[in-house]
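Q: Need a 3D model of the following:
(one chain, ligands or ions: 1)
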Amino acid sequence: MSNDSHQPVCVVTGASRGLGRALCQEFEDRGFQVAGASRSALPDNSEGLAAHDSVNVQDERRVREFANSVVARHGRIDVWVNNAAVMEVFRVADGDAERWNRILGTNLLGVVNGSAVFAEHVRGRPGAGVLINLTAGSARAARPGWAAYSASKAAVERLTEAVAAEERDAGLRAFCVSPGAMDTAMQRSLWELPESEFPEARELRERAARGLIGDCRDIARRIAEEAGAQLRPGAPEPDPVFLPFRAS
Ligand SMILES: NC(=O)c1ccc[n+]([C@@H]2O[C@H](COP(=O)([O-])OP(=O)(O)OC[C@H]3O[C@@H](n4cnc5c(N)ncnc54)[C@H](OP(=O)(O)O)[C@@H]3O)[C@@H](O)[C@H]2O)c1
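A: Modelled structure (predicted):
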């Protein structure tokens, strides 16, 4: 068992691509031991990147097993980022239980599972722990077709506020990050939707063409900076929703 108390430990869910993968790289570059998780394996060109486990965040038992294995490997967990999420655009009247379960199961219950397991871990050991849950601007602005995704992220914001207050005395610092639009697989899946189904697709493509879309490596850097600041003793309370570049 490696237990280097000088090297902080970070868990990132949704680590196989996009922001999650950039976060793994960024935390590693800052000297963290990193454990990533997602359902699929890492792509072939990810040699050298963080240890990676196959975990479906909807599976509470598997999330707990994963957390235990990280603690067995590294001794403790200092930062936990609930980044895994899925996005599907459909109108409320066209939705079905399967779609709602997929989105709420991943984006909300997946965050519940990670938050609960990490909060329990922080309670049981000395020192601070930083919990970061990914939200989105659409948590605060409903748009046609975004009901399930927006509802899941709005719920994540309230859940995070609650757990921050509940576990403050145990040393947990919990906040959300609203990264703004980033050029990832999730974002690109929206550009490709037919405008009949999703009229905003053209606007999003145009914003991307004008360079008005974030690079997840820049966002990852800002998140890791904030996580590092929150780990320092006496750090001021985090904002409930951290905006990496003051955009939502
Ligand atoms: N991209 C944007 O413009 C944007 C804007 C605002 C907020 N966000 C938020 O930022 C975060 C990262 O988004 P992204 O754009 O990087 O997304 P992405 O490219 O689609 O990546 C999502 C990651 O989540 C993993 N994942 C999905 N379902 C999972 C499950 N059930 N269990 C474990 N892992 C799962 C995926 O891997 P597997 O498929 O292998 O499991 C993948 O690694 C998300 O929370 C998203 O809602 C994104």
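Q: could you pull out the strands for the protein?
A: 9-13, 33-38, 51-54, 79-82, 129-134, 172-177, 241-242 (DSSP state E).
Q: Residue 243 and the ligand, how far apart?
A: 11 Å (CB to the nearest ligand atom, to the nearest Å). Every C-beta, even on glycine, is put in place using the N, C-alpha and C of the backbone.
Q: residue in this protein nearest to the ligand?
A: As assessed by CB to the nearest ligand atom, the ligand sits closest to residue 18 within the chain, at 2.3 Å.
Q: what residues are up against that residue?
A: Contact partners of residue 18, counting by CB atoms under 8 Å, 6 or more residues apart in numbering, are 182, 184-186, 216.
Q: related to what we said a few turns ago, where among the strands of the chain is the average confidence lowest?
A: Lowest mean pLDDT of these: strand 51-54, a mean of 88.
Q: May I see the buried residues of that one?
A: 51-53 (16 or more other CB atoms under 10 Å).
Q: Tell me if it is near the ligand.
A: No. Judged by CB under 6 Å from any ligand atom, strand 51-54 and the ligand are separated, with a smallest distance of 8.4 Å.
Q: contacting residues around that strand?
A: 15-16, 34-42, 46, 66, 69, 73.
Q: Buried members of these into PyMOL, please.
A: Remark: buried members of the contacts of strand 51-54, expressed as a PyMOL selection using 16+ other CB under 10 Å:
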select buried, resi 15+16+34+35+36+37+38+42+46+66
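Q: If we check the ligand, which of the contacts of strand 51-54 are in contact?
A: Within these, those near the ligand by CB under 6 Å from any ligand atom are 15-16, 38-40.
Q: Flag the helix or strand of this protein with the lowest per-element mean pLDDT.
A: Of the helices and strands making up the chain, the lowest-confidence element is strand 51-54, at a mean of 88, by mean pLDDT, DSSP states H and E.
Q: what are the pairing partners of that one, and which direction each?
A: strand 33-38 (parallel) (DSSP bridges).
Q: Kindly confirm whether my reading is correct that residue 202 touches residue 195.
A: Yes. At 5.9 Å, residue 202 counts as touching residue 195 under the criterion of CB atoms under 8 Å.
Q: The lengthiest helix in the chain to strand 172-177, inter-axis angle?
A: Longest helix of the chain, by residue count under DSSP state H: helix 147-166. Here helix 147-166 runs at an angle of 150 degrees relative to strand 172-177 (axes from the mean of the first three to the mean of the last three CA atoms, to 10 degrees).
Q: Can you get me the centre-to-centre distance for helix 147-166 and its chain?
A: 12 Å (CA atoms, centre = their mean, to the nearest Å).
Q: and it, what does it pack onto?
A: Under the contact definition 3 or more CB pairs under 8 Å, 6 or more residues apart in numbering; DSSP states H and E, helix 147-166 sits against helix 97-103, helix 110-123, strand 129-134, strand 172-177.
Q: List of residues touching the first one?
A: Read that as helix 97-103. With CB under 8 Å, 6+ apart as the test, helix 97-103 has contacts from 86-88, 90, 148-149, 152.
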